[in-house]
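Engineer: fold the following for me, if possible:
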Amino acid sequence: MTDSSRFDPIELALFKSAARSVAEEMGAALRRAAFSPNIKERRDYSCAVFSGAGQVLAMGDHMPVHLGSMPMSVRTAIDRLALARGDLAVLNDPFAGGTHLPDITMVLPVFAPGAQEEKPVFYVAARAHHADVGGRYPGSMGLCRQIHEEGLRIPPVKLVRAGQTDESVLDLMLANVRTPEERRGDLRAQIGACKVGESRLEELRSRLGADKTAWLSDGLLDYAERLMRAELSRMPAGKFSAEDFLDDDGFNDSPVRIAASMEFDPASGSARVDFEGSSPEVPSSMNAVFAITYSAAFYAFRCLLPEDAPANAGLMRPIEVRAPERSVVNAGPPAAVAAGNVETSQRIVDVILRALARARPDRIPAASSGTMSNLTIGGFDSRTGKPFAYYETIAGGMGARPAGDGLSGVHTHMTNSLNTPIEALEYAYPFRVRRYCYRRNSGGRGKFRGGDGLIREIELLTDAQVTLLSDRRKFPPYGLWGGEAGSCGAAHHISGDSKTEIPAKTSLLASQGDVIVIESPGGGGWGKSE
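Structural biologist: Take a look at the predicted model:
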């Protein structure tokens with residue numbers, strides 16, 4: 001612990017807000033400069049500020065799935081590369097702290113202005129989901145058996161050296177994707193976001209000085225730790241367990257079990273979360289790397305704290321997370337992992353919250369939709385003659401809460417993105433949106449009702465390959481304390497007079513004029529109906 005006498009609470013609060021505002025400004029810069037609708041419109045990115053020791057100090061209100069995983073990518077970049085002034089690292093390797101291949105992370109060290117210090121005083125990082133990084137399927141989100149099929153895998157490498165972009169590294173990346181112009185624009189936007197963070201942190205360091213910056217950084221981490229320990233000290237002693245299932249792995253029909261047990265020690269204000277009993281690795285993309293599982297725990301426990309609690313490394317000091325190696329929640333190479341980031345992560349959160357509900361029934365909501373309903377469509381745009389790759393997650397119903405109904409048509413838990421507006425969708429891609437509405441009565445009934453899912457109906461104006469990665473077709477979002485489960489999801493392919501159901505995890509060739517219909521699940525209800 002740092003010596004709290006070196007600063008007062010007001011000073012610490014100002015530093016907390018300043019660090020978070022840097023991360024938020026980085027995100028705003030990335031969004032404004034990005035080329036792809038997935039980043040510009042859906043805001044599928046995260047930005048963060050790290051201490052000189054590589055510990056996360058502040059993250060913007062971006063993607064929860066990045067909470068625990070991005071620090072692991074930063075740590076790997078620091079350990080493997082000698083990052084000097086003006087350097088910038090890039091990586092997306094899920095087995096080096098990443099999530100899945102479309103999430104590309106950039107890491108930039110920040111040195112004291114004008115000083116000849118050997119070590120950075122901060123690091124900044126920006127992670128963004130790129131709509132295509134190569135691989136077997138357009139959009140890089142199809143069902144695969146090994147990670148080599150999923151796209152370009154980038155270990156930590158310097159993209160910028162001494163302030164100059166290494167064009168050979170950039171060319172190598174762009175040569176392996178379907179939409180190089182869009183990728184170039186998004187990558188440049190990420191570099192710009194990191195430079196914005198660097199500039200703001202240099203200003204902050206100049207105002208505070210070396211000693212105060214170090215004291216406040218350590219103090220902010222300690223403050224977050226105290227908040228979490230205080231919350232955990234109010235938890236009941238003992239062990240609480242839960243399980244839930246993914247419908248299948250996409251290749252086999254057998255359910256995939258995710259189990260979690262948590263043990264609280266109120267005396268020390270600590271907790272342990274253990275995923276022993278979860279299914280082994282599966283032969284598909286439904287595997288999650290440990291960084292995802294850690295992020296899910298980070299997110300779930302962060303939700304117990306006040307909204308203004310800092311999302312930094314201090315929060316997880318009192319919490320130990322264990323996951324069996326080579327399991328669906330701690331996969332290793334060469335396992336495929338694209339859906340682990342988007343589908344398995346949601347189920348991990350569902351299981352953690354279900355266990356927490358047994359410890360604190362007054363605090364925890366019923367299950368939300370539990371799937372991101374990942375839709376990717378790729379082909380050649382007849383309007384431009386160029387390839388396109390569209391990616392979107394479809395929102396669903398939020399689970400009902402102990403004090404109110406769930407919200408309808410929102411992204412929940414590990415995704416904090418938005419839906420692409422119809423105008424932007426039809427402008428950027430050869431599509432026509434025929435219907436976009438709430439899926440009425442799909443939320444579970446109860447004292448408080450679960451939120452409704454959505455219906456998204458898209459007509460293709462060109463031939464294309466359509467890929468869907470989703471779940472909650474067999475195991476509906478659970479209700480709590482007598483509340484009913486939400487409705488399962490569904491999808492259909494309409495071609496002429498024929499309407500066929502689309503499996504939850506599949507890829508198909510569709511023709512111009514065909515229609516794809518996605519119906520997302522509703523949230524579970526809470527409490528018995530009166």
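
Engineer: give me the most central residue, the protein.
Structural biologist: The chain has Val65 as the residue nearest its centroid, 2.8 Å off, counting by CA atoms, centre = their mean.

Engineer: can you list the domains in the chain?
Structural biologist: Listed by automatic domain parsing, the domain ranges of the chain are 4-225, 365-530.

Engineer: any stretches of the stretch 151-300 of the chain with poor pLDDT?
Structural biologist: Applying pLDDT under 70 to the stretch 151-300 of the chain flags no residue at all.

Engineer: could the domains of the chain go into a markdown table alongside distance to Ala357?
Structural biologist: Bear in mind the C-beta positions are built from the backbone N, C-alpha and C, glycine included. Formatted as a markdown table, these follow (distance: least, CB to CB, whole Å):
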| stretch | distance to Ala357 |
| --- | --- |
| domain 4-225 | 19 |
| domain 365-530 | 6 |
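
Engineer: pull the number of nearby residues for Gly114.
Structural biologist: For Gly114, the neighbour count with other CB atoms under 10 Å is 8.

Engineer: just the one 5 residues further on next, same as before
Structural biologist: Per other CB under 10 Å, the neighbour tally for Lys119 reads 10.

Engineer: quick check: it vs Thr213, distance?
Structural biologist: Per CB to CB, to the nearest Å, Lys119 is found 13 Å from Thr213.

Engineer: who's the residue nearest to Ile518 when sequence neighbours are not counted bridged to?
Structural biologist: Leaving aside its chain neighbours, Ile518 sits nearest to Arg456 (4.6 Å; criterion: CB to CB, 6 or more residues apart in numbering). Per DSSP bridges, the residues bridged to Arg456 are Tyr436, Ile518.

Engineer: residue contacts, Val342?
Structural biologist: Applying CB atoms under 8 Å, 6 or more residues apart in numbering, we find Val342 in contact with Val65, His100, Met141, Met372, Asn374, Thr393, Met414, Thr415, Leu469.

Engineer: what are the boundaries of the strands in the stretch 201-350 of the chain?
Structural biologist: Chain-ordered strands for the stretch 201-350 of the chain, with DSSP state E, counting those that start in this stretch as the definition, fall at 238-246, 256-265, 270-274, 319-322.

Engineer: of these, flag the one that's most buried.
Structural biologist: Highest mean neighbour count among these (mean count of other CB atoms under 10 Å): strand 256-265, with a mean of 21.

Engineer: tell me which other helices or strands that one touches.
Structural biologist: Under the contact criterion of 3 or more CB pairs under 8 Å, 6 or more residues apart in numbering; DSSP states H and E, strand 256-265 touches strand 238-246, strand 270-274, helix 345-359.

Engineer: can you list contacts of that strand?
Structural biologist: Residues from elsewhere that reach strand 256-265, judged by CB under 8 Å, 6+ apart: 232, 235-249, 270-279, 282, 286, 328-329, 344, 347-348, 351-352, 355-356, 359.

Engineer: mind doing that once more with 6 Å?
Structural biologist: 235, 237, 239-246, 249, 271-275, 277-279, 282, 328, 347-348, 351-352, 355 (CB atoms under 6 Å, 6 or more residues apart in numbering).

Engineer: roughly how far out does it sit from the chain middle?
Structural biologist: With CA atoms, centre = their mean, to the nearest Å as the basis, strand 256-265 stands 21 Å off its chain's centre.

Engineer: quick one: secondary structure of Thr467?
Structural biologist: strand (DSSP: H, G, I helix; E, B strand; the rest coil).

Engineer: scratch that, Ile377
Structural biologist: Judged by three-state DSSP, the three-state class of Ile377 is strand.

Engineer: quick check: beta-bridge partners of it?
Structural biologist: Applying DSSP bridges to Ile377 yields these beta-bridge partners: Tyr390, Val466.

Engineer: surely it touches Ala464?
Structural biologist: Yes - at 5.0 Å, Ile377 counts as touching Ala464 under the criterion of CB atoms under 6 Å.

Engineer: who has more neighbours, the two?
Structural biologist: Ranked by neighbour count (other CB under 10 Å), Ile377 and Ala464 place Ala464 first, with 27 against 24.

Engineer: sorry, back to before: quick one: closest of the domains of the chain to Leu305.
Structural biologist: Closest approach to Leu305 among the domains of the chain is made by domain 4-225 (8.6 Å; CB to CB).

Engineer: and that closest one, how far from the chain's centre?
Structural biologist: 14 Å.

Engineer: so who does the nearest residue in space to Gly151 that is not next to it in sequence touch?
Structural biologist: Spatial nearest neighbour of Gly151, chain neighbours left out: Gly135 (3.4 Å); criterion: CB to CB, 6+ apart. By CB under 6 Å, 6+ apart, the contact list for Gly135 reads Glu149, Glu150, Gly151.

Engineer: in three-state terms, label Gly135 for me.
Structural biologist: State at Gly135, reduced to three classes by three-state DSSP: coil.

Engineer: kindly report the same for Thr462.
Structural biologist: Here Thr462 is recorded as coil under three-state DSSP.

Engineer: just Ser408 next, same as before
Structural biologist: coil.

Engineer: give me the distance between it and Pro521.
Structural biologist: Taking CB to CB, one finds Ser408 at 12 Å from Pro521.

Engineer: so for these two, which sits in the more crowded spot?
Structural biologist: Between Ser408 and Pro521, Pro521 has the larger neighbour count (other CB under 10 Å), namely 33 against 22.

Engineer: now do the contacts for that one.
Structural biologist: Contact partners of Pro521, counting by CB under 6 Å, 6+ apart, are Ser369, Gly396, Gly453, Arg472, Pro477, Gly486, Ser487, Cys488, Gly489.

Engineer: where along this protein do the helices fall?
Structural biologist: Taking DSSP state H as the test, the helices found in the chain are 9-33, 37-40, 69-80, 167-174, 180-208, 210-232, 290-302, 345-359, 422-428.

Engineer: adding mean neighbour count, write the ones you listed out as TSV.
Structural biologist: Shown next, in TSV, are the helices of the chain (neighbours: other CB atoms under 10 Å):
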stretch	mean neighbour count
helix 9-33	19
helix 37-40	24
helix 69-80	23
helix 167-174	14
helix 180-208	20
helix 210-232	19
helix 290-302	26
helix 345-359	25
helix 422-428	15
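
Engineer: show me where pLDDT drops low in the stretch 1-150 of the chain?
Structural biologist: Using pLDDT under 70, the flagged stretches of the stretch 1-150 of the chain are 1-7, 62, 115-117.

Engineer: so what's the residue count around the closest residue to Ile78 other than its chain neighbours?
Structural biologist: Nearest residue to Ile78 in three dimensions, chain neighbours excluded: Gly54, at 5.0 Å (CB to CB, 6+ apart). If you count neighbours by other CB under 10 Å, Gly54 ends up with 21.

Engineer: next one: phi and psi at Gly54?
Structural biologist: phi 90, psi 20 (degrees, to the nearest 10).

Engineer: so who does it touch?
Structural biologist: The contact partners of Gly54, taken as CB under 6 Å, 6+ apart, are Val74, Arg75, Ile78.

Engineer: and with 7 Å instead?
Structural biologist: Shown in contact with Gly54 (CB atoms under 7 Å, 6 or more residues apart in numbering): Val74, Arg75, Ile78, Tyr123.

Engineer: what's the answer for Glu484, then?
Structural biologist: If you count contacts by CB under 7 Å, 6+ apart, Glu484 has them with Gly444, Arg445, Gly446, Gly525.
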